[in-house]
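Undergrad: Give the three-dimensional model of this entry:
(2 chains)
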There are 2 protein chains.
Amino acid sequence: MPRINAIEVVDVRFPTSATLAGSDAMHPDGDYSAAYVVLRTDSDLAGYGLTFTIGRGTDLCVLASRHLADQLIGRDVDELPAALGDIHRQFVGDSQLRWLGPEKGVVHLAAAAVLNAVWDLVARRAGKPVWRLVADMEPRDLVAACDFRYLSDVLTREEALTMLEQQAPSRAERIEELSRVGYPAYTSGPGWLGYSDERLRRLCREATAEGWQAIKIKVGANIGDDKRRLAIAREELGPGGTLLIDANQVWDVPEAIAWVNELAQFAPLWIEEPTSPDDIAGHATIRAAVAPVGVATGEHTHNRVMFKQLLSARAIDYCQIDSCRLASVNEIVPVLLMAAKFGVPVCPHAGGVGLCELVQHMSIVDYVCVSGRLDGRLLEYVDHLHEHFTAPVVIDQARYRLPEEPGYSARMHPEAIATYRFPDGAYWRGALERR
Amino acid sequence: MPRINAIEVVDVRFPTSATLAGSDAMHPDGDYSAAYVVLRTDSDLAGYGLTFTIGRGTDLCVLASRHLADQLIGRDVDELPAALGDIHRQFVGDSQLRWLGPEKGVVHLAAAAVLNAVWDLVARRAGKPVWRLVADMEPRDLVAACDFRYLSDVLTREEALTMLEQQAPSRAERIEELSRVGYPAYTSGPGWLGYSDERLRRLCREATAEGWQAIKIKVGANIGDDKRRLAIAREELGPGGTLLIDANQVWDVPEAIAWVNELAQFAPLWIEEPTSPDDIAGHATIRAAVAPVGVATGEHTHNRVMFKQLLSARAIDYCQIDSCRLASVNEIVPVLLMAAKFGVPVCPHAGGVGLCELVQHMSIVDYVCVSGRLDGRLLEYVDHLHEHFTAPVVIDQARYRLPEEPGYSARMHPEAIATYRFPDGAYWRGALERR
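TA: Below you'll find the predicted structure:
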């Protein structure tokens, strides 16, 4: 009976702004970072989770994660599987902390980090990857672990149970299929805004040679640059390839419509984050005005109530859940269920640091347990920072292979922590001295 | 030419949970608190601001406020009036910090605290209360100080300027009127959820004797209790009095509709926060189903984009801006303009600690500069914690008197800080010893 007896939360920052990997129209200089949570036990077992950030303010998520994780000290690991729903409600419903959200911003990101570590711990104890832990759960237990508060006008618990039960008998077939063919994906690696035309072309060419048929390009800073860059990407992809574009929230609604219609000549499948992530009505307006270009959003959609509205208002064509923005599996599964109900494909946000590792589990859960569909689904992939993880994603012919290691795949190598811990890791001490 | 040369940010917590003042169905045990910001200069002049919290997590707002306020070190106070718009955009648009929101949660609360201190400092330097500072600004300068990003589909800068210019010639008349009659208000003091029936009746009776004709009662924990308590309040108010009810987000949408319709017999003017503050569509559904009871919300409406949607979707009858949730005057004035455009009265959220002191300025700005109307307007009042402020609100015959002291009225007495600073103030050290 291992017990949680210590908590570590680390501020880890990777100096990605130096290479412009990750640069976009809204975030020109991100340092991909994480509040990294370790739940230690009195045995060798530990749980590892994180929330993704892009530099300044990671310390806020670290402090908030400590406030939440400290509440787990003393808990018996074997009692966690039955307590997943209660722990989630304890974190998001804290009668004083919730004033700082509720269910948004720093505290909610921290809840994601700590709950990700809890799911990781439960999965490691069971000797399973998180996707398989979920796929092995009885529908009623999965419903009990989830948070349906504020959703009942669109999705009741009973309806969720029925949906999960319908897919349960055929789960094994879909797992077998995925283990054979992998999960379809696209790459965002070539298209960062800070890259030169030459670099963009070279990276697109390398990507298509590796089998990628779908590539995402950042847009929104300058319309002339966008046209030139999309022409390059379309040329390298060929007319049959899938081009995705991403504006990272830079536009007001009328500007988004005009700009996207200018870029429609390059036939993008979707425009991602065309405006404020809070603007549900704005997304619906844009969607109606830019069709057949689809609208995608979600990496900044802060909770299930916002997804409920985006989906029920028919404001989006693609639902981009994020394992570090929503409060872990407990909140993601209800969003997967609502997306399935409205027939909207889930195409998670990934990249960052550790996001590919985490969200692959949720896409597999979507296919195996919830939607039972792969059509229109594409999981994001970015080819950096994976070397810092002990069980990095495996990509083969532009598809994710099923992760087989126990846990949620977010454990980092101790050397990565020692080097990039902020501000006292070897890299950052060196950076200060170099100044 | 005074310059900002030091920053203080203090975690101040008042032990209100001990008396149940402030208790509601969602927050049974709040300790009314603040991240309190002081911008020191090399002269006697200083700027004072705060964001309101309810206990745990105030330290997060303190840390975030330090990150923002530190950026002001070295700034010349006399350059601030022309830089108000730029400072706001610098805070809410920080390319790394914005990942933690954007414009919501801890970082946005911190932006409110620091910007409130900036406006206070500018007003003190000018020797004016903030409401008069704003009322003396040229419409074009006020527009330049405000943030209209993401609003242009509903309100353009040009439209805002036209609206402000229309009211400008008659500002002086309305100031004269308010200085004569004060601003209309209601009291929430009697109706906290944790109070006994006897206490509720006594406090309602005292309130009506003091001239209060509008009283707010917390509901939503138990329908039987609600009916009994509302019967008492209605009895004390009489049939002509204004009864307001507040559920503090406890219901799902269908539950809200059923519950409010049960309570309609007591003829409340509005139901406040019937469900999740993020659920714009839910508020619209509830509003349609509970009329003639109106729907009010806003104290947790985290930014102008959310208010844009609540207003344009006709989801609310009363717009409850909060001086510590929105990022100060820069974001509140655009919301006042949108509310005026849609004909929705602004009835700010107050109470807490310091909120009455702050929001009174915004209601005055609404009347003098924006809407030019008082009909349907009621400013919240709660009769506690004012003694800690150097220029507390003045209420006379259930109306706010115009504040005349320079600044934004959020400066606390040094003794209050020394006593209630957490965890090392005299009160909290004593509390730890008493344990």
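Undergrad: CA atoms for contacts and neighbours, from now on please.
TA: Will do.
Undergrad: and the stretch 101-250 of chain A, which residues reach chain B?
TA: Listed as neighbours of chain B in the stretch 101-250 of chain A under the rule CA under 8 Å from any CA of the partner chain: A:101-102, A:104-107, A:109, A:149-153.
Undergrad: Which residues are in contact with the closest residue to chain B within the stretch 101-250 of chain A?
TA: Among the residues of the stretch 101-250 of chain A, A:G105 lies closest to chain B, at 4.2 Å counting by CA to the nearest CA. A:G105 makes contact with A:302, B:100-102, B:104-107, according to CA atoms under 8 Å, 6 or more residues apart in numbering or on different chains.
Undergrad: from the residues you listed, which ones fall inside helices?
TA: With helices taken from DSSP state H, the overlap with those comprises B:105-107.
Undergrad: Need those in a markdown table (columns: pLDDT and distance to B:E8).
TA: Below are the ones in helices among the contacts of A:G105 laid out as a markdown table (pLDDT from 0 to 100; distance: CA to CA, whole Å):
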| residue | pLDDT | distance to B:E8 |
| --- | --- | --- |
| B:G105 | 98 | 21 |
| B:V106 | 98 | 18 |
| B:V107 | 98 | 17 |
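Undergrad: In this structure A:Y195 contacts A:L20, no?
TA: Yes - counting by CA atoms under 8 Å, A:Y195 touches A:L20, with 7.2 Å between them.
Undergrad: what ranges do the strands span in the stretch 201-350 of chain A?
TA: Shown for the stretch 201-350 of chain A, the strands assigned by DSSP state E, counting those that start in this stretch span residues A:214-218, A:242-246, A:270-272, A:294-297, A:318-319.
Undergrad: Packing partners of the shortest one?
TA: When contacts are defined as 3 or more CA pairs under 8 Å, 6 or more residues apart in numbering or on different chains; DSSP states H and E, strand A:318-319 sits against strand A:294-297.
Undergrad: So what touches the strand it packs on?
TA: Outside of strand A:294-297, the residues within contact range by CA under 8 Å, 6+ apart are A:269-274, A:277, A:283, A:286-287, A:315-320.
Undergrad: right, and out of these, which lies closest to chain B?
TA: Nearest to chain B among those is A:P277, at 8.3 Å by CA to the nearest CA.
Undergrad: Can you report how many residues neighbour the closest one?
TA: Using other CA atoms under 10 Å in any protein chain shown, A:P277 has 21 other residues around it.
Undergrad: again, but for A:Q213
TA: Around A:Q213 there are 21 other residues, counting by other CA under 10 Å.
Undergrad: repeat for A:E173
TA: A:E173 has 11 nearby residues by other CA under 10 Å.
Undergrad: What of the one 10 residues further on?
TA: A total of 23 residues lie near A:Y183 under the criterion other CA under 10 Å.
Undergrad: sorry, back to before: which pair in the contacts of strand A:294-297 spans the largest distance?
TA: The two members of the contacts of strand A:294-297 with the most space between them (CA to CA) are A:L269 and A:P277, at 19.4 Å.
Undergrad: hmm, back to that, and the furthest pair within the residues of the stretch 101-250 of chain A next to chain B?
TA: Maximum pairwise distance in these, criterion CA to CA, is 27.6 Å, between A:V106 and A:D153.
Undergrad: Which of these two has more residues huddled nearby?
TA: Per other CA under 10 Å, whichever of A:V106 and A:D153 has more neighbours is A:V106, with 31 against 13.
Undergrad: Quick check: the residue of the stretch 151-300 of chain A nearest chain B.
TA: Residue nearest to chain B within the stretch 151-300 of chain A: A:D252 (4.6 Å; CA to the nearest CA).
Undergrad: got the contact list for that residue?
TA: By CA under 8 Å, 6+ apart, the contact set of A:D252 is A:274-276, B:149-153.
Undergrad: how about it, phi and psi?
TA: Main-chain torsions, A:D252, degrees, to the nearest 10: phi -70, psi 170.
Undergrad: What pLDDT is listed against it?
TA: On pLDDT, A:D252 comes in at 98.
Undergrad: now it: how far from A:W99?
TA: A:D252 is 29 Å from A:W99, where distance means CA to CA, to the nearest Å.
Undergrad: now the angle between strand A:242-246 and the helix or strand A:A185 falls within, please.
TA: Under the criterion of DSSP states H and E, A:A185 resides in strand A:183-191. Inter-element angle recorded for strand A:183-191 and strand A:242-246: 60 degrees (by axes from the mean of the first three to the mean of the last three CA atoms, to 10 degrees).
Undergrad: Kindly export strand A:183-191 (C-alpha atoms) in CSV.
TA: Provided in CSV are the C-alpha atoms of strand A:183-191 (Å, rounded to 0.1, in the frame of the first residue of the first chain):
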residue,chain,number,x,y,z
TYR,A,183,-3.1,7.3,-35.2
PRO,A,184,-3.1,9.9,-38.0
ALA,A,185,-1.2,13.1,-37.5
TYR,A,186,0.1,16.4,-39.0
THR,A,187,3.2,18.3,-38.4
SER,A,188,3.6,21.9,-37.3
GLY,A,189,7.4,21.8,-37.3
PRO,A,190,8.1,23.6,-40.6
GLY,A,191,5.7,26.5,-40.3
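Undergrad: what is the orientation angle of it with strand A:214-218?
TA: Using the same axes, to 10 degrees, the inter-axis angle of strand A:183-191 relative to strand A:214-218 is 40 degrees.
Undergrad: per-residue confidence for the closest residue to A:G298 other than its chain neighbours?
TA: Residue nearest to A:G298 in three dimensions, not counting chain neighbours: A:Q320, with 4.3 Å by CA to CA, 6 or more residues apart in numbering or on different chains. The model reports A:Q320 with a pLDDT of 98.
Undergrad: ok, A:Q320 - contacts?
TA: For A:Q320, the contact set (CA under 8 Å, 6+ apart) comprises A:296-299, A:346-349.
Undergrad: now, the most widely separated pair of these?
TA: A:E299 and A:V346 (11.8 Å).
Undergrad: Settle it for me: which of the two has more neighbours?
TA: Neighbours were counted for A:E299 and for A:V346 using other CA under 10 Å; A:V346 has more, 28 against 22.
Undergrad: can you pull up the bridge partners for that one?
TA: A:V346 forms beta bridges with A:C319, as assigned by DSSP bridges.
Undergrad: List the contacts of the most centrally placed residue in chain A.
TA: Nearest to the geometric centre of chain A sits A:D322, at 2.7 Å (CA atoms, centre = their mean). Applying CA under 8 Å, 6+ apart, one finds that A:D322 lies in contact with A:298-299, A:348-350, A:355, A:359.
Undergrad: can you do 10 Å?
TA: A:D322 makes contact with A:51-52, A:112, A:298-302, A:328, A:332, A:347-350, A:355-356, A:358-359, A:362 under the criterion CA atoms under 10 Å, 6 or more residues apart in numbering or on different chains.
Undergrad: Filter the residues you listed down to the buried ones, PyMOL style.
TA: Buried residues within the contacts of A:D322, by 16 or more other CA atoms under 10 Å in any protein chain shown, are selected in PyMOL with:
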select buried, chain A and resi 51+52+112+298+299+300+301+302+328+332+347+348+349+350+355+356+358+359+362
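Undergrad: So which bits of the stretch 251-400 of chain A are right by chain B?
TA: Contact residues, the stretch 251-400 of chain A versus chain B (CA under 10 Å from any CA of the partner chain): A:251-255, A:275-282, A:285, A:299-306, A:308-310, A:312-313, A:325.
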